[in-house]
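[1] I'll drop the sequence and a predicted model, then ask my questions.
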Amino acid sequence: MADQNVPPRRPRDDRGWDGRQHHTSDGYGDHNASAPYGYDSPQGYQGGYSAQADPREQYADGYAHSGQQAPAPRGPQWVGPEGLGRPAPARPAGTGLPTLDDDNEPDGKVGRRKALAVLGGTAAVVAGGAALAMTPQVRGLFGDEAAADATGNTVTDGTAARPSGQQPSTVRTYTEQNESYMGSRAGEALKKNAPAGGRIFSGPAAAAAETKVTVKTVLAKDPILHLARRATFGATPAVVADIKKQGIDGWIRAQLDPDKIEPSKAELKIAELPTQKLSVTQLRDQRDKLNEMGAQPEREVVDATLARQIWSKRQLFEVMVDFWNDFLHVAAEFDGGEVYRTSFDQNVVRKHALGSYPEMLVAANKHPALLIYLNQKDSRKDAINENLARENLELYSVGVDGGYTEKDVRQAAMLQTGRGVDDKGQYVLRVNQHFMGKVKILGFTHANTFAIKDVNNPTAKEIAAVDAAIDKYITYIALHPSTAKYVAQSLATRFVSDTPPKSLVDRLAKAYTTNKGMIKPVLMTLFSSSEFWAAVGQKVRRPLEYMVATYRAAGVAPDPSPKHNNGDNKRTPFARGLRQISDKLHELGHYPMGQPTPDGYPDVYIAWTSAGAMVNGWNEAGEVISGYRTVFTYTPAEKLVKAPGTAGAYVDALSLRLVGQKLSTREKNLILGVAGVPATAKVDATFNGAITAVARAILASPQHHLR
């Protein structure tokens, strides 16, 4: 993959990736304008891209250093329970969680730090079947040895020209990102445990019943739990009960028809985010009012997405929205995102997430968010900007190894000239700025000449003819065989394995082509394939997925706690709580629509191996279990299950409640060691005062890290 037809590094036009978008006359793109809607990102977001070069090509760290702030590192910064930059509330002495620096425990208790590391640090190697106790970074954290780079840059396929021979920061596409990480030493260990091949059955239930799980994993080889972990943001007792009640086939059919699923209470509460119900025109007209309210549309769309991921009953739909937000990626926090990103979410991604990808790509190419984000609004026949034309090929359709050339990029850029955004913030095609003349792109040809009487005053019919020619090209590349393979590879990586079997990728690509880019038949093919059901434990949760799964597992409710004292007349507790989760994910470097560049986040675990992120996740799990954030209602840890009489039985019951299965004897003993009691000891509902530490330790186990 990716070593054929790779375009050479090339000079850009002298505007390149222009970070500040002068797209209207109202000052939104003004260099000297104040940050839109009171934007106060902790990362000091400066917006956009360097005007000098492609930011993926200029520096080894992958960012252009021409006034642009690099995104937050995937590692720890402090975010207190009340949100970014706010101190943690004072707590009475002796209450709350011990810190992770507490290895000198009295009474024979196991140090929390080492116990959690042994539990959580094995997630990746459990998935890969390697024989290590924990990753080098985690060992380094505890002083056992110096930390090392788990992703390495060893060439594993014989040539440094392929992505697996490159540093991840230098590769150029979503697929290449994944391949680069999987070319590391840790990636090679994961590959050895992946299912090699399989077959398709008459339906998902038949495939689940007939597939034998042979991979090494600590997860229960239960098809219902497997489906709940992969097709949602985290199994819950309610989801498992629904699958059992409806059957595997019935539950999947229902999830593929999300409009018939009633909205959850939290989804109705999204109305408390004031910008999410406003149109582009309203966002522009109400700018001053929204500033006074402290509303930030580009952040509220992220907050709303998190609410849906945690609480929506349309879980498969939300998983697919997240998938497309990486595949057809437009960052939320770009200069223009405050006005246009919510509309892109509603009218492009969500509208087509389970529909037609060609229709999604056509809609995206007419949406102001994408036209501004990738500078298409600046492209005219006498000054052609190639950014969107390139990314349409490289990222959004055929992929960098899909057979296109630099000539194809230039021809596509010519064809797409004239598309832009008018002064009202609406899509416009300026015929007088459209290049006329024959084009040929990847086998697509068009005369691209039109009988237009006056290009400066074209009729609606004449505009529609030019628009249709561009749409025809976009549809062509969306249905190209290389796009079918690219979408199939990406879906298989998301749902099955970081190293999906070729047999499955080929089958999904065929379904994509046969069904003309319709997504539901592709997903039904995936769920009806033995490779999906054989891949238990072959995916590790990325930081966002771990965080959302933790909120779901702990049964957090979207209403404020009775103990909550509002103290903020501008935003509701629900809105502030979502922002606190978003702030934590900003800190971890993984949040919805968060990647500043158009390649989206990598979808393989090796890209996210970080001791800091792991410890931060455990600490957040502790905050959730403790219920310190009164903006939400939390089930007290001692009430998650009815406490059995003995410590061992209590750990079993709590594990079934939080991760859907019992832990191994070794893991169970580690957790009992955290509490300092044997399995046979009698304990009360508070686990003799250790219930929070015990619950947090279960959420640090491989059974919660794996999905």
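    Arrived safely.
[2] In contact with Gly594, which residues?
    Shown in contact with Gly594 (CB atoms under 8 Å, 6 or more residues apart in numbering): Pro71, Val302, Ala331, Ala332, Glu333, Leu585, His586, Tyr601. For every residue, glycine as well, the C-beta is placed using N, CA and C.
[3] Turn these into JSON lines, including pLDDT and neighbour count.
    Shown next, in JSON lines, are the contacts of Gly594 (pLDDT from 0 to 100; neighbours: other CB atoms under 10 Å):
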{"residue": "Pro71", "pLDDT": "44", "neighbour count": "19"}
{"residue": "Val302", "pLDDT": "98", "neighbour count": "26"}
{"residue": "Ala331", "pLDDT": "96", "neighbour count": "22"}
{"residue": "Ala332", "pLDDT": "96", "neighbour count": "26"}
{"residue": "Glu333", "pLDDT": "93", "neighbour count": "24"}
{"residue": "Leu585", "pLDDT": "94", "neighbour count": "22"}
{"residue": "His586", "pLDDT": "94", "neighbour count": "24"}
{"residue": "Tyr601", "pLDDT": "94", "neighbour count": "23"}
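[4] so which of the residues you listed would you say is closest to Asn375?
    Ala331 (13.7 Å; CB to CB).
[5] Surely that closest one and Leu374 touch.
    No - applying CB atoms under 8 Å, one finds Ala331 not in contact with Leu374, separated by 10.7 Å.
[6] any common contacting residues for those two?
    Joint contacts of Ala331 and Leu374 (CB under 8 Å, 6+ apart) are Pro598.
[7] how far away is Arg372 from Ala389?
    Small correction: residue 372 is Ile, not Arg. Separation of Ile372 from Ala389 (CB to CB, to the nearest Å) stands at 15 Å.
[8] which residues in the stretch 451-600 of the chain form helices?
    460-478, 481-495, 502-514, 519-527, 530-534, 543-553, 573-588 (DSSP state H, counting those that start in this stretch).
[9] Which of those helices sits closest to Lys212?
    Nearest of those (CB to CB): helix 530-534, 7.3 Å.
[10] got the contact list for the closest residue to Ala235 other than its chain neighbours?
    Nearest non-adjacent residue to Ala235, counting by CB to CB, 6 or more residues apart in numbering: Ala228, 3.7 Å away. Shown in contact with Ala228 (CB under 8 Å, 6+ apart): Ala235, Thr236, Val239, Val240, Ile243, Gly660.
[11] Show only the entries of the residues you listed found in helices.
    Members of the contacts of Ala228 lying in helices (criterion: DSSP state H): Val239, Val240, Ile243.
[12] And the pLDDT for the nearest residue to the first one once chain neighbours are set aside?
    If I follow you right, that is Val239. Nearest in space to Val239, with sequence neighbours left out and distances taken as CB to CB, 6+ apart, is Ala228 at 4.9 Å. Ala228 is assigned a predicted lDDT (pLDDT) of 98.
[13] my guess is Ala228 is in a helix, correct?
    Yes - counting by DSSP: H, G, I helix; E, B strand; the rest coil, Ala228 is found in a helix.
[14] Tell me how far it lies from His705.
    16 Å.
[15] Please apply the same query to Arg657.
    Taking CB to CB, one finds Arg657 at 17 Å from His705.
[16] before we move on, what about Leu672?
    On the measure of CB to CB, Leu672 and His705 end up 20 Å apart.
[17] Between those two, which has more neighbouring residues?
    Shown here are Leu672 and His705; by other CB atoms under 10 Å, His705 has more neighbours (28 against 24).
[18] Surely that one touches Tyr546?
    Yes - between His705 and Tyr546 there is a contact under CB under 8 Å: 6.6 Å.
[19] neighbours around Val215, how many?
    Counted with other CB under 10 Å, Val215 comes out at 18.
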